[in-house]
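# Here is the input, now give the coordinates:
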Amino acid sequence: MAPTKLTKSAIGVWGFGVTGQAAVRFLLRQNADVRLYNQTPVNQANVQVYAPDQLDGFLKDCDLIIPSPGIDLHPYQAYKHKWLSEIDLFAQHWHKPVVAITGTVGKTTVTTLLTNALKQLGIQAKMAGNVGTSMLDMLEQQDQIDIAVVELSSFQLEHAKHFAPDVAVITTLLPNHLDRHITFEAYQSAKCNIFTHQKANQKCLVPPKLLEATSASPAETFCITPTTKVPNKNIPTYHFDQNQAVIFSNGSTHKLICSQELPTTTFAHNWLITCSVLDTLGYKIPDLTKLAGQTYSTLEHRLEFVTKINGVKIYNDSKATVPAATLAALKQFVGQKVTLILGGTSKGVKRAGMICKFASKVESVVLFGSEREQLALWCQQNNISYQTSASLEHAVDLALASPNKSDILLFSPSGASFDLFTNYKERGKQFKALIQAAQR
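Modelled structure (predicted):
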């Protein structure tokens, strides 16, 4: 892929968040003619900045435009020939191996585990993308890095035209962001852009439901499934077999690691994916117990144990922004009485199907935020005991004062945070602060 000519074109940067700021820094290092548009006024030296009411002029004046991932470009199809995705620009200037990871759930955890595992093996790995350093900022560090491990969202992948990582990983695929992608098929298509442009010397690891989608890709395909079943005996498959994580390939099964050696700091499937990528890269699996200790502090807001109050264990799972994540969290507490705090926004995904599965899993539910009344209706329809609150603060008070004596208080919203918070991290931090205040 020939690098995009940046010095003889007007290059627009749309949005001035993490991606936009990194793009401006990179373009200025390339001596490009940089134009910047943001919905709120900004000051940036050596850049032509357009006022908030000058979007049309910005779109017309720029030869190429790097949009921030959060911007929905569907209403601007007349300019689609100008889109230059952040990951395509990164790929043109990065000359080291790349592992790219996406998925509905698990992508941040796997990215973190894999990066730390590689470091434990003495490999200079660096996280970037949707977590860690911006990809464009990482270009300056290229000489000090052996391998890039990049986490990518569907928004980042949606408009990629050339990006082809050495190893592409899709952890899971479940309905999400349908308020942006409209259909599940469009969401899946965006995710699959992670392997669409791969070549024959590259590899992709996907769940069983995406094996058909990889059929047109020349990359070597591997399947990852948490079950004991091998969905296609012609495709190498990483899975669990009795008490082992294994790979089935060419009619034979080979052990990766005993299941008992997988730490409990996150879901077993995340460890399986991590081990699978290491095996695909040709690396041994390090001491996972040591790895878990190194990684634990970085897995904040992901089924994170907070404290115990009056015998009740309290967990912060603010990163659970889809129903599947909340259901997976509940599976960790089978046989225990759980009070669940649920809320956030659905992103176009109906949560009725999740709530109908609560009957044997939760003692009571506290609903908060903008969609609490709709969630309450579904609880009522399924005879689930519930209370509602407009704020998280009141929701925590209600949960702690619940007359039903629970073993577990689980904060796992199952929805995005944007009705009340900037992101899931802010939401999780407030939850923990409220719990800490309750202890005093």
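# use CA for all of it now, contacts and neighbours both
Will do.
# Which helix runs longest in the chain?
Scanning the chain for the longest helix, with DSSP state H as the assignment, gives helix 424-439.
# which strands and helices sit next to that one?
strand 312-316, helix 392-400 (3 or more CA pairs under 8 Å, 6 or more residues apart in numbering; DSSP states H and E).
# I'd like the mean pLDDT over whichever helix or strand comes after the longest one, please.
Tracing the chain past helix 392-400, the next element assigned as helix or strand by DSSP states H and E is strand 408-411. The predicted model gives strand 408-411 an average pLDDT of 97.
# Work out the gap between strand 408-411 and the centre of the chain.
22 Å (CA atoms, centre = their mean, to the nearest Å).
# check contacts around Ile224.
Residues near Ile224 by CA atoms under 8 Å, 6 or more residues apart in numbering: Leu205, Val206, Pro207, Pro208, Thr237, Tyr238, His239, Ile273, Ser276.
# Among the residues you listed, which one sits closest to Pro231?
Comparing these against Pro231 with CA to CA places Pro208 closest, at 6.6 Å.
# Identify the residues contacting the longest helix of the chain?
301, 306, 309, 316-319, 321, 392-393, 396, 411, 416-417, 421.
# among these, which ones are buried?
Among those, those classed as buried by 16 or more other CA atoms under 10 Å are His301, Val306, Asn316, Asp317, Ser318, Lys319, Thr321, Leu392, Val396, Phe411, Ala416, Ser417.
# Please identify which pair of the residues you listed lies farthest apart.
Val306 and Ala416, at 20.9 Å, using CA to CA across these.
# quick one: pLDDT of the closest residue in space to Thr225 that isn't next to it in sequence?
Distance criterion CA to CA, 6 or more residues apart in numbering; nearest residue to Thr225, sequence neighbours excluded, is His239 at 5.1 Å. Per-residue confidence (pLDDT) for His239: 96.
# secondary structure class for His239?
strand (DSSP: H, G, I helix; E, B strand; the rest coil).
# what about it, neighbour count?
His239 has 25 neighbours, counted by other CA atoms under 10 Å.
# about what we covered before: also compute the angle for the longest helix of the chain relative to helix 392-400, please.
50 degrees (axes from the mean of the first three to the mean of the last three CA atoms, to 10 degrees).
# May I see the buried residues of helix 424-439?
Buried, per 16+ other CA under 10 Å, within helix 424-439: Tyr424, Arg427, Gly428, Phe431, Lys432, Leu434, Ile435.
# Average pLDDT for that helix, rounded please.
On average, helix 424-439 scores 96.
# That one vs strand 312-316, what angle?
Using the same axes, to 10 degrees: helix 424-439 against strand 312-316 is 160 degrees.
# CA atoms only: put helix 424-439 into PDB for me.
Once non-C-alpha atoms are left out, helix 424-439 reads as follows in PDB (Å, rounded to 0.1, in the frame of the first residue of the first chain):
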ATOM      1  CA  TYR A 424     -17.900   3.700  31.600                       C
ATOM      2  CA  LYS A 425     -14.700   4.500  33.500                       C
ATOM      3  CA  GLU A 426     -16.300   7.600  35.000                       C
ATOM      4  CA  ARG A 427     -19.400   5.600  35.800                       C
ATOM      5  CA  GLY A 428     -17.300   2.900  37.500                       C
ATOM      6  CA  LYS A 429     -15.200   5.300  39.500                       C
ATOM      7  CA  GLN A 430     -18.400   7.000  40.800                       C
ATOM      8  CA  PHE A 431     -19.800   3.600  41.800                       C
ATOM      9  CA  LYS A 432     -16.700   2.800  43.700                       C
ATOM     10  CA  ALA A 433     -16.600   6.200  45.400                       C
ATOM     11  CA  LEU A 434     -20.300   5.700  46.500                       C
ATOM     12  CA  ILE A 435     -19.500   2.300  47.900                       C
ATOM     13  CA  GLN A 436     -16.400   3.700  49.800                       C
ATOM     14  CA  ALA A 437     -18.500   6.500  51.200                       C
ATOM     15  CA  ALA A 438     -21.100   4.000  52.400                       C
ATOM     16  CA  GLN A 439     -18.400   2.200  54.400                       C
END
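# hang on, the earlier thing: highest neighbour count among the contacts of Ile224?
Neighbour counts for these (other CA under 10 Å) peak at Tyr238, which has 31 neighbours.
# Now that one. Nearest residue, chain neighbours left out?
Of all residues not flanking Tyr238 in the chain, Ile247 sits nearest, at 4.3 Å (CA to CA, 6+ apart).
# Over to His159?
Spatial nearest neighbour of His159, chain neighbours left out: Ser85 (6.1 Å); criterion: CA to CA, 6+ apart.
# In contact with that neighbour: list those residues for me.
Taking CA under 8 Å, 6+ apart as the criterion, Ser85 is in contact with Ile66, Pro67, Gln156, His159, Ala160, Lys161.
# could I get those as JSON lines with neighbour count?
Shown next, in JSON lines, are the contacts of Ser85 (neighbours: other CA atoms under 10 Å):
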{"residue": "Ile66", "neighbour count": "22"}
{"residue": "Pro67", "neighbour count": "25"}
{"residue": "Gln156", "neighbour count": "24"}
{"residue": "His159", "neighbour count": "21"}
{"residue": "Ala160", "neighbour count": "21"}
{"residue": "Lys161", "neighbour count": "15"}
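# just those residues now: which is nearest Tyr37?
Pro67 (9.6 Å).
# what's the span of stretch 79-97, first residue to last?
Using CA to CA, to the nearest Å, the end-to-end distance of stretch 79-97 comes out at 32 Å.
# next one: stretch 206-224
For stretch 206-224, the end-to-end distance is 6 Å (CA to CA).
# repeat for stretch 357-369
21 Å.
# still on that earlier bit, tell me what the residue nearest to Tyr238 is bridged to.
Applying DSSP bridges to Ile247 yields these beta-bridge partners: Tyr238, His254.
# Tell me who's in contact with it.
Per CA under 8 Å, 6+ apart, neighbours of Ile247: Pro236, Thr237, Tyr238, His239, Thr253, His254, Lys255, Leu256.
# now Pro52: how far from Ser68?
On the measure of CA to CA, Pro52 and Ser68 end up 16 Å apart.
# Would you check how far apart the closest residue to Gln336 other than its chain neighbours and Ile309 are?
Counting by CA to CA, 6+ apart, Asp407 is the residue found nearest to Gln336 once chain neighbours are left out, at 6.0 Å. Going from Asp407 to Ile309 by CA to CA gives 10 Å.
# Over to Lys319?
In terms of CA to CA, Lys319 sits 22 Å off from Ile309.
# Also Glu300?
From Glu300 over to Ile309 (counting by CA to CA), the distance is 20 Å.
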